[in-house]
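S.K.: predicted model follows, preceded by the sequence.
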Amino acid sequence: MTRARGFSLLELLVVISIMALATAGVGMALRDSGQSRLEREGQRLSALLEAGRAQARASGTLVRWQAQGSGFRFEGLPAGNSLPTQWLDAGTRVVQGNVLVLGPEPLLPPQRTVLTHVDTPELRLSVATDGLRPFAPESRQ
C-alpha cells in the first residue's frame with residue numbers, strides 16, 4: 001500500500017510566514033527615506049536656480065527666487081520664460097534663506113537656503129553657492 005505524500009499544514013504555515021517576512025522586508029527597504037526626498041528636492045532646486053541665473057544673465061535683469069509657503073516663485077523673469085513654482089513633494093519647506101538673488105551680475109554674493117520636510121524636521125539640506133560656483137546641495141543634519 002502506498003501512502004500519499006505531501007506537506008503538512010505546519011510546513012505550509014512556516015513557508016508562508018517566511019514569505020510574508022521577506023515581502024515585508026523588501027517593502028521597507030524600497031520606501032523613500034526622508035533624506036532621499038530632500039536630496040531629490042535639493043538637486044531639482046539647484047537646477048532651477050541655475051536656470052534662473054542663466055536667464056538673468058542673458059536678459060540683463062534682476063531675478064530673485066523667493067520661498068512661499070508650500071512653493072516658491074521666480075521674480076523678474078523675462079516675459080514668456082517661466083520656471084516651476086511647486087516642490088515635487090508638498091511637505092518640503094524652507095527654514096532659512098527665503099530670498100536668493102540670481103543675477104544679472106556674473107558674480108553673486110554667497111547665498112544659501114535650507115530645506116526640510118514636515119515628516120522629518122530633524123533632517124536639513126542646504127542649497128548654496130559661494131557666488132562663483134553653481135548652486136549645489138550640501139547635506140547637513
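M.R.: Noted; the coordinates are in hand.
S.K.: please make it C-alpha for all contacts and neighbour counts, starting now.
M.R.: Will do.
S.K.: what about the strands in the chain?
M.R.: Using DSSP state E, the strands found in the chain span residues 63-68, 71-75, 92-96, 99-103, 111-117, 120-129, 136-140.
S.K.: of those, which is nearest residue 54?
M.R.: Between residue 54 and the strands of the chain, the shortest gap by Cα to Cα is with strand 99-103, which sits at 8.2 Å.
S.K.: quick one: that closest one to strand 120-129, angle?
M.R.: Between strand 99-103 and strand 120-129, the angle formed by their directions is 20 degrees, by axes from the mean of the first three to the mean of the last three Cα atoms, to 10 degrees.
S.K.: strand partners (parallel or antiparallel) of strand 99-103?
M.R.: strand 63-68 (antiparallel) (DSSP bridges).
S.K.: which parts of the strand it pairs with are buried?
M.R.: Across strand 63-68, burial judged by 16 or more other Cα atoms under 10 Å covers 63-67.
S.K.: repeat for stretch 130-140
M.R.: Using 16+ other Cα under 10 Å as the burial criterion, the residues of stretch 130-140 that qualify are 135-139.
S.K.: now do that stretch, average pLDDT.
M.R.: This predicted structure assigns stretch 130-140 an average pLDDT of 88.
S.K.: then stretch 43-58?
M.R.: Average pLDDT, stretch 43-58: 95.
S.K.: list the contacts of that stretch.
M.R.: The contact list for stretch 43-58 (Cα atoms under 8 Å, 6 or more residues apart in numbering) reads 62-63, 65, 74, 77-78, 83-84, 102-106, 127, 134-137.
S.K.: can you count the residues close to residue 14?
M.R.: Other residues within reach of residue 14, judged by other Cα atoms under 10 Å, total 11.
S.K.: who are the neighbours in contact with the residue nearest the centre of the chain?
M.R.: The centre of the chain sits closest to residue 41, judged by Cα atoms, centre = their mean, with a distance of 2.0 Å. Contacts were defined as Cα under 8 Å, 6+ apart; by that measure residue 41 touches 87-89, 92.
S.K.: for residue 5, which of the strands of the chain is the nearest?
M.R.: strand 120-129 (53.9 Å).
S.K.: tell me the spacing between the nearest residue to residue 74 once chain neighbours are set aside and residue 131.
M.R.: Residue nearest to residue 74 in three dimensions, not counting chain neighbours: residue 65, with 4.6 Å by Cα to Cα, 6 or more residues apart in numbering. Summarising the geometry, the distance separating residue 65 from residue 131, computed by Cα to Cα, to the nearest Å, is 15 Å.
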